[in-house]
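Trainee: Everything below, folded, please.
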Amino acid sequence: MADERDAAEEPLDEGAEVEAAREEPQDPGEDEGEAAAQDSPAEGDAHPEGLEHRAISAARGAASATATTLKGGLAAMRDVREASRQHAGAQKRVRSLTEALDEDRRTLAHRQEVEGRYEQIVSQQTDASRQASQDMADAQATVERLDGEQTALEDRLSKMRAAHEQELRPYRRVMETSRGRASDASQTVAEAKRAVKGAEAQVKDATDARSQGIAQANRALDNSQERLRRVQDDLRRAQADPGAKADAVAQLQRENVAELAHVEAARAEVANTTRQTQEAVEKAQMHLWTQRQSLETAQADAEAAKRDYEGHKAEYDRRAAEAASQEKELADAIAERKAGIESAKATHDEAADAYDEAQGLLSEAEAIHATPEETRRLATSIAEQQAALAFAQSELDSLADSERALRQHTRTQRYILTAVAILLAALIVLLAATVLGH
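Mentor: You can find the predicted model right below:
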């Protein structure tokens, strides 16, 4: 914990140390002696000039002590930093030597293991290489065989599709023709339905016209009969009146004859209107019946055309399904060959990897077996590295102890230097604030 506090107590960098060194006063040893010789008054001298000399001497002594403290603090900081740098360098050397030694130890252990199992490794990896070579040859043969079968099946599938297309073409043509006839028949039925609706509208219009015409003719007849009754009543009253004039009676008689003629004409109009409108209704009904007959015929034709189309379509679909099933069998066989080819290629790649691995292990074993001097050199090198590491570790421990002792020895000086630096900074800030305030 003391070392950690010491490390945290070094706020000044090298630039600050240089600036502090520039501001250091000269070594006060000589000046202090000269001041003591020149300024020290005789003991017991109470003269004011003696007092002033003693004050100046005390101030110079304090300044000299402060400068000495600052110089000691800066030197302590430099010494601690240098010790820390040397310690870090030693740690780096020890770490580098340790890593290199561990790597060489692993290499030596591996070489010794391979040398100890050399015969076994050669036997095992030779067998593994031979088996991998056989597996690659078998996989390659499988790929070639399946590739040939796939090509033959694809040729068969291409020819089968062409033959099926040729066989299905007439059935498809008949189906399409019957579908066209069924569509035309459906269109005819739609037109016939529209014609029936039009004929029904005509019957309704004719029936309405008959009702309106007969009613109008009957109203005209009723009006004529009413006028005839009024004229006849007037004629009877005139004939019964002895004082009636003959001209008036004759006039009423003429009106009576005219109204009788109007009534007969109205009756004839009623009969004529009834006959004409009935004929129009019967004609419209006949037209409606004809259109309904046409609709029934069109519907029957449409049903027959639909059944014909459905029959041809069912035949075409059945044959097309059979053709598709046969083509699917070949397509599935082709897909099976493709999957087999991919599997064989994967097996070949795995065997190739196994062959490469076996050859690599075999080559490594032979190389190690053929160079025993390298194993001996590596063992000798490890022994030398161990000695070098032990020396470096000893040096590291010594530097660590030295750095720790130096930090403990210079702690007070570094504390004082840090406090002075903080005080100077505070004074500078205060001075700047005062100047800016004025």
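Trainee: need the contact list for the residue nearest to residue 304 when sequence neighbours are not counted.
Mentor: Here the nearest residue to residue 304 in space, its sequence neighbours aside, is residue 185; by Cβ to Cβ, 6 or more residues apart in numbering that works out to 7.8 Å. Glycine gets a C-beta too; all of them are placed from N, C-alpha and C. The contact partners of residue 185, by Cβ atoms under 8 Å, 6 or more residues apart in numbering, come to 298, 301-302, 304-306.
Trainee: List only buried entries from these.
Mentor: With neighbours counted using 16 or more other Cβ atoms under 10 Å, the contacts of residue 185 contain these buried positions: 298, 301-302, 305-306.
Trainee: Among the residues you listed, which one lies nearest to residue 81?
Mentor: Nearest to residue 81 out of those is residue 306 (Cβ to Cβ; 106.2 Å).
Trainee: my guess is that closest one meets residue 182, correct?
Mentor: Yes - at 4.9 Å, residue 306 and residue 182 qualify as touching, with contact defined as Cβ atoms under 8 Å.
Trainee: returning to that earlier point: out of the buried ones among the contacts of residue 185, the closest to residue 252 would be?
Mentor: Of all the buried ones among the contacts of residue 185, the one sitting nearest residue 252 is residue 298; the distance, using Cβ to Cβ, is 67.6 Å.
Trainee: Verify the stated contact: the closest one with residue 196.
Mentor: No - using Cβ under 8 Å, residue 298 is not in contact with residue 196, being 10.1 Å away.
Trainee: coming back round to it: dump the contacts of residue 185 into TSV; add pLDDT and secondary structure as well.
Mentor: Supplementary listing: these in TSV, determined by pLDDT from 0 to 100; DSSP: H, G, I helix; E, B strand; the rest coil:
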residue	pLDDT	secondary structure
298	92	helix
301	91	helix
302	92	helix
304	93	helix
305	93	helix
306	92	helix
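Trainee: could those go into a markdown table alongside distance to residue 389?
Mentor: Rendered in a markdown table, the data for the contacts of residue 185 read as follows (distance: Cβ to Cβ, whole Å):
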| residue | distance to residue 389 |
| --- | --- |
| 298 | 111 |
| 301 | 110 |
| 302 | 106 |
| 304 | 108 |
| 305 | 104 |
| 306 | 101 |
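Trainee: Between the residues you listed, which sits nearest residue 358?
Mentor: For the contacts of residue 185, with residue 358 as the reference and Cβ to Cβ as the criterion, the closest is residue 306, at 74.8 Å.
Trainee: ok, so what distance separates the closest one from residue 154?
Mentor: Distance of residue 306 to residue 154, computed by Cβ to Cβ, to the nearest Å: 41 Å.
Trainee: sorry, back to before: wait, which of the contacts of residue 185 is closest to residue 173?
Mentor: Nearest to residue 173 among those is residue 305, at 16.3 Å by Cβ to Cβ.
Trainee: In contact with that closest one: list those residues for me.
Mentor: Shown here is residue 305, whose contacts under the criterion Cβ under 8 Å, 6+ apart are 178, 181-182, 184-186.
Trainee: again, 10 Å this time
Mentor: 178-186, 188-189 (Cβ atoms under 10 Å, 6 or more residues apart in numbering).
Trainee: do the same with residue 334
Mentor: When the contact criterion is Cβ under 10 Å, 6+ apart, the partners of residue 334 are 149-154, 156-157.
Trainee: Without its sequence neighbours, what residue ends up closest to it?
Mentor: Counting by Cβ to Cβ, 6+ apart, the nearest residue to residue 334 once its immediate chain neighbours are dropped is residue 153, at 4.8 Å.
Trainee: Pull out the buried members of the contacts of residue 305.
Mentor: In terms of neighbour count (16+ other Cβ under 10 Å), the buried residues within these are 178-179, 181-182, 185-186, 188-189.
Trainee: how about a markdown table for those, with secondary structure added?
Mentor: Listed next are these as a markdown table, based on DSSP: H, G, I helix; E, B strand; the rest coil:
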| residue | secondary structure |
| --- | --- |
| 178 | helix |
| 179 | helix |
| 181 | helix |
| 182 | helix |
| 185 | helix |
| 186 | helix |
| 188 | helix |
| 189 | helix |
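Trainee: Next, format these as CSV and append distance to residue 275 and pLDDT.
Mentor: Formatted as CSV, these follow (distance: Cβ to Cβ, whole Å; pLDDT from 0 to 100):
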residue, distance to residue 275, pLDDT
178, 51, 93
179, 52, 92
181, 47, 92
182, 47, 92
185, 41, 92
186, 42, 92
188, 37, 92
189, 37, 93
